[in-house]
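Visitor: Structure of the sequence below:
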Amino acid sequence: MIAGFSRIEELARAKAVDPILFACVEPHEPALLETLARTVRESLVKPVLIGDEQQITQAADKVGIDIKGWELVRSAEPNESVYTALELVKGNKVGGLVKGIFGVTDFLSLILERNQGFRVGKNLVSGIMACKVDQLDRMLFICDPVVNPHPRMMDLVAILNNGVTLTHKLGYEQPKVALLAAVEVIYPQMPVTTTEAVIAKMADKGQIKGCLVDGPLSMDVALIESAAKEKSVRGEVAGHADILIGHNLAVSYGIYKAFAMYTKSEYGLVTLGGKVPAVITSADDSAQVKYNSLLLAIASLK
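Guide: The predicted structure follows:
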C-alpha cells in the first residue's frame, strides 16, 4: 500500500534513469507545457512535440516556457499529429503518448485503430484514475473512467487486470478489488450483480491472479470498514478496497469526477493496455494533475 504521489514519484524517478521520450500530440496547452517543462527539469521526460509550431510556441510564450532544444515535429493538422505519434510508437521510438488539445473521444478512436501501432493483440485498453482522498489512509485506483463505455464480463476482467498490473508496478502484492454495484447481494433485477459475482468466483478459483476480488459491493461497503460491519459484509476486501471497478463508463467516470471535483483528492490518470502508456487528461486539469499522470505513466513502464 502506498500513501500518496510522493511514493509514485520516487518509483518514477527509479524508472527514468534516462529521460523517457513521450510523443506529445497537439501540445499547445499552457498547463501541459508547464508540466513538460517540470519533467524536463527533473530529467524524467524528453518530450517530442507534434503539431503546429506557431501554436506551440505561442502557448509556451504565454507561460514563459523556453522550448528551445525540445524536439518538435511539425504537423499540418491534428489527425496527422496523432498518426505521426503512432508511427513513433510503432517504431519503438517513444515510451509513451500524451494528449494535448484534442477531444478525448476523437483521440481514442484514432489511437485504437487496428494496425496503427498502439494496440497489442487482443489486449483491452483501459483508463485508471489514481487518487489520494484525505478521508482514507490509502490511495484508490478507479477503473475505467476513460475508454470502454459498456464493457462485457470478460472486458471487466481485462479492466481489472490492467488495474492490478499498475498496482503491482507500484509495489502492491495483493491489491484488494471491489466490483461496485448498488447492493452487496446477487439481485436478479440488477444483472450487474450476477456478472460481478461470477467475476469474484473466477478469482476464488484462481482464474484471476495477483489480487483479492469481491463483488457486488456498494461504494460505502467497499471503502469504509464501519459500513461493512454495519451491513454484516465479511471478507478481506470489504472496507479496505484499493481498486474500484465500475460496471460501465458512466459509473467509473462519475466516481472519477466526484473525487476530482468535490473532494480534496490529489489525482492522476493513465491509460494502459496499449503498447505504451497514454496520458489522456482534460484541458481543465491542472499542471499538477498532468504531472501526476505522467508519473503514473512512467511508473507503469517495465
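
Visitor: Tally up the residues packed near Arg41, please.
Guide: 9 (other CB atoms under 10 Å). (Each C-beta comes from the backbone N, C-alpha and C, glycine too.)

Visitor: Any stretches of the chain with poor pLDDT?
Guide: Of all residues in the chain, none has pLDDT under 70.

Visitor: Now do the helices for it: every range, in order, please.
Guide: Taking DSSP state H to define them, one finds helices in the chain at 5-15, 30-41, 53-62, 78-90, 104-111, 153-169, 191-204, 219-223, 225-230, 249-262, 287-299.

Visitor: got the contact list for the longest one?
Guide: Contact with helix 153-169 is made by 11, 123-124, 126, 128, 130, 141, 143-144, 148, 151, 175, 177, 179, 195-196, 198-199, 202, 208, 210-211, 213, 242-243, 245, 247, 270, 272-273, 296, 299-301, as judged by CB atoms under 8 Å, 6 or more residues apart in numbering.

Visitor: how's the chain carved up into domains?
Guide: Structural domains annotated on the chain: 5-120+274-299, 126-261, as defined by automatic domain parsing.

Visitor: one step back: figure out which of the helices of the chain is closest to Val279.
Guide: Closest approach to Val279 among these (CB to CB): helix 287-299, 4.6 Å.

Visitor: Which strands or helices does that closest one pack on?
Guide: Packing contacts for helix 287-299, counted by 3 or more CB pairs under 8 Å, 6 or more residues apart in numbering; DSSP states H and E, involve helix 5-15, strand 20-25, helix 30-41, strand 96-99, strand 126-133, helix 153-169, strand 265-272, strand 278-279.

Visitor: Could you export stretch 158-176 as CSV, CA atoms only?
Guide: Extracted in CSV, the C-alpha atoms of stretch 158-176 (Å, rounded to 0.1, in the frame of the first residue of the first chain):
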residue,chain,number,x,y,z
ALA,A,158,-9.4,-7.2,-18.5
ILE,A,159,-10.0,-3.8,-17.0
LEU,A,160,-9.5,-5.3,-13.5
ASN,A,161,-6.2,-6.9,-14.7
ASN,A,162,-5.0,-3.6,-16.0
GLY,A,163,-5.6,-2.1,-12.6
VAL,A,164,-3.9,-4.9,-10.9
THR,A,165,-0.9,-4.7,-13.2
LEU,A,166,-0.4,-1.0,-12.4
THR,A,167,-0.7,-1.6,-8.6
HIS,A,168,1.8,-4.4,-8.8
LYS,A,169,4.2,-2.0,-10.5
LEU,A,170,3.6,0.4,-7.6
GLY,A,171,4.5,-2.3,-5.1
TYR,A,172,1.2,-3.9,-4.1
GLU,A,173,1.4,-7.7,-3.7
GLN,A,174,-2.3,-8.5,-3.4
PRO,A,175,-4.4,-5.4,-4.1
LYS,A,176,-8.0,-5.6,-3.0
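
Visitor: chain center to it: distance?
Guide: Averaging C-alpha positions (CA atoms, centre = their mean, to the nearest Å) puts stretch 158-176 12 Å from its chain's average.

Visitor: Could you do stretch 50-62 as well?
Guide: Relative to where its chain is centred, stretch 50-62 has its mean C-alpha point 27 Å off (CA atoms, centre = their mean).

Visitor: So in terms of bridging, what pairs with Ser265?
Guide: Val133 (DSSP bridges).

Visitor: List the contacts of it.
Guide: So Ser265 contacts 131-134, 259 (CB under 8 Å, 6+ apart).

Visitor: Ser282 versus that one, what's the distance?
Guide: To Ser282, Ser265 is 15 Å away according to CB to CB, to the nearest Å.

Visitor: Return the distance of Met1 relative to Gly268.
Guide: To Gly268, Met1 is 17 Å away according to CB to CB.

Visitor: Tell me which of those two has more neighbours.
Guide: Gly268 (25 against 15).

Visitor: pretty sure the more buried one contacts Asp285?
Guide: No. Using CB atoms under 8 Å, Gly268 is not in contact with Asp285; the gap is 9.1 Å.

Visitor: Which neighbours do the two have in common?
Guide: Shared contacts of Gly268 and Asp285, defined by CB under 8 Å, 6+ apart, are found at Ser293.

Visitor: Show me what counts as buried in stretch 99-118.
Guide: Neighbour-count burial for stretch 99-118 flags 99-102, 107-108, 110-111, 116-118 (criterion: 16 or more other CB atoms under 10 Å).

Visitor: which of those sit farthest apart?
Guide: Among the buried residues of stretch 99-118, the pair separated by the greatest distance (CB to CB) is Ile101 and Gly117, at 22.0 Å.
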